[in-house]
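S.K.: got a structure for you, letters missing:
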């Protein structure tokens, strides 16, 4: 976002500050009443403010300003060019009373992905994890998912356990350690309405997962399940095979890490589809995708809320 700085002078009475009721991140419109040297008079609604600008302005200029900080008798604003559209994350953070900043974007995205309550406290809790332990967005995503099953990562020991769980989900731990993590997954249940649950099993050194909405105590329905196989292949490195049913039609896909693997696999999936149809399955086309990142089962959990504009913020 391209911005220029314009600083409101400290000669603002507490009464006027209370009347303006400005919060960090808030967007306001103003008009330049007078500009001379670096001194500027701004009209915000029915109020006239004396300010000091770091950029040249003209009398009559109409400005869109974003509040950066609000302190005792001091307000800092920045000019936002009208042609620049605010990110939805900025709008969301402003609604929560937080100053928009890049470091908070991944936290907000993960809360929304897992349909968690979006509040100032929830954002700051995960943000603390990022800053205190230098957690990347992958670990923030995992920490957010853990919240959906009632597990919090708060201490240094919790963060170490979080890293171990991430290694397991990336298939990077020895096979003899798989059982305790699969037991953990199978024992926990989502506490979020409509949230997805994860079942998992080790089979011949590979990982098989089942994603399903609703309670783990409910009878599984094929139409609601997604079967995912996490395979370590000598020829293709890591592969994910995903299978789901929709209206009695099986949809399958393979995700590999490089385009050269996609070229090879694309030549084989036609034969795979024909073999499945011959076995009696009504199957749609088998698709091959490339994702160079290291995926985990958490990445396959569908996002409940399509976008930030549909989030129910808790102020």
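M.R.: Great, that's in hand. As the structure is a computational prediction, the values presented were derived from the model and not from experiment.

S.K.: The spatially most central residue of the chain in helix, strand or coil?
M.R.: Nearest to the geometric centre of the chain sits residue 109, at 2.2 Å (CA atoms, centre = their mean). Per DSSP: H, G, I helix; E, B strand; the rest coil, the local secondary structure of residue 109 is helix.

S.K.: measure it to residue 257 for me?
M.R.: Counting by CB to CB, to the nearest Å, the gap from residue 109 to residue 257 is 23 Å. Glycine gets a C-beta too; all of them are placed from N, C-alpha and C.

S.K.: re earlier: from residue 174, how far off is the residue nearest to the centre of the chain?
M.R.: Residue 109 is 32 Å from residue 174, by CB to CB.

S.K.: Repeat that for residue 228.
M.R.: When residue 228 is compared with residue 174 (using CB to CB), they lie 22 Å apart.

S.K.: Between these two, tell me which one has more neighbours.
M.R.: Neighbour tally, residue 228 and residue 174, criterion other CB atoms under 10 Å: the higher count belongs to residue 228, 21 against 6.

S.K.: so what's the backbone phi/psi at the spatially closest residue to that one that is not a sequence neighbour?
M.R.: Using CB to CB, 6 or more residues apart in numbering and skipping residues adjacent in sequence, the residue nearest residue 228 is residue 209, 4.6 Å away. When read as degrees, to the nearest 10, the backbone of residue 209 gives phi -130, psi 150.

S.K.: Surely residue 209 is in contact with residue 225?
M.R.: No: checked against CB atoms under 8 Å, the pair residue 209 and residue 225 is beyond contact range at 10.4 Å.

S.K.: what about the two, which has more around it?
M.R.: Shown here are residue 209 and residue 225; by other CB under 10 Å, residue 209 has more neighbours (22 against 16).

S.K.: For that one, report the pLDDT, please.
M.R.: At residue 209, the model reports a pLDDT of 97.

S.K.: Okay, now the unreliable bits of the stretch 51-200 of the chain?
M.R.: Where the stretch 51-200 of the chain drops to pLDDT under 70, the residues are 81-86.

S.K.: where do the helices sit along it?
M.R.: Under the criterion DSSP state H, counting those that start in this stretch, the stretch 51-200 of the chain contains helices at 88-95, 105-113, 120-133, 137-148, 156-169, 178-187.

S.K.: residue with max distance from the center of this protein?
M.R.: Distance from the C-alpha centroid of the chain, by CA atoms, centre = their mean, peaks at residue 36 (45.2 Å).

S.K.: List the beta-bridge partners for that residue.
M.R.: Per DSSP bridges, the residues bridged to residue 36 are residue 39.

S.K.: Could you report the separation of it from residue 48?
M.R.: Applying CB to CB to residue 36 and residue 48 gives a distance of 15 Å.

S.K.: Residue 236 now?
M.R.: Distance of residue 236 to residue 48, given as CB to CB: 68 Å.

S.K.: For these two, indicate the residue with more neighbours.
M.R.: residue 236 (17 against 12).

S.K.: how about the residue nearest to that one when sequence neighbours are not counted, secondary structure?
M.R.: Spatial nearest neighbour of residue 236, excluding adjacent residues (CB to CB, 6+ apart): residue 261 at 4.8 Å. At residue 261 the chain is in helix, as set by three-state DSSP.

S.K.: Point out where the stretch 201-315 of the chain drops to low pLDDT.
M.R.: Ranges of the stretch 201-315 of the chain meeting pLDDT under 70: 304-315.

S.K.: can you pull out the helices in it?
M.R.: 259-266, 269-278.

S.K.: how about those in TSV, adding distance to residue 219 and mean neighbour count?
M.R.: Shown next, in TSV, are the helices of the stretch 201-315 of the chain (distance: least, CB to CB, whole Å; neighbours: other CB atoms under 10 Å):
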stretch	distance to residue 219	mean neighbour count
helix 259-266	34	14
helix 269-278	25	13
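
S.K.: hang on, residue 237 packs against residue 261?
M.R.: Yes: using CB under 8 Å, residue 237 is in contact with residue 261, at 7.4 Å.

S.K.: So the residue nearest to residue 236 versus residue 230, what's the distance?
M.R.: 15 Å.

S.K.: For residue 165, which residues are in contact?
M.R.: If a contact means CB atoms under 8 Å, 6 or more residues apart in numbering, then residue 165 has 142, 181, 184 as its contacts.

S.K.: who wins for neighbours among these?
M.R.: Most surrounded of the contacts of residue 165: other CB under 10 Å gives residue 142, at 20 neighbours.
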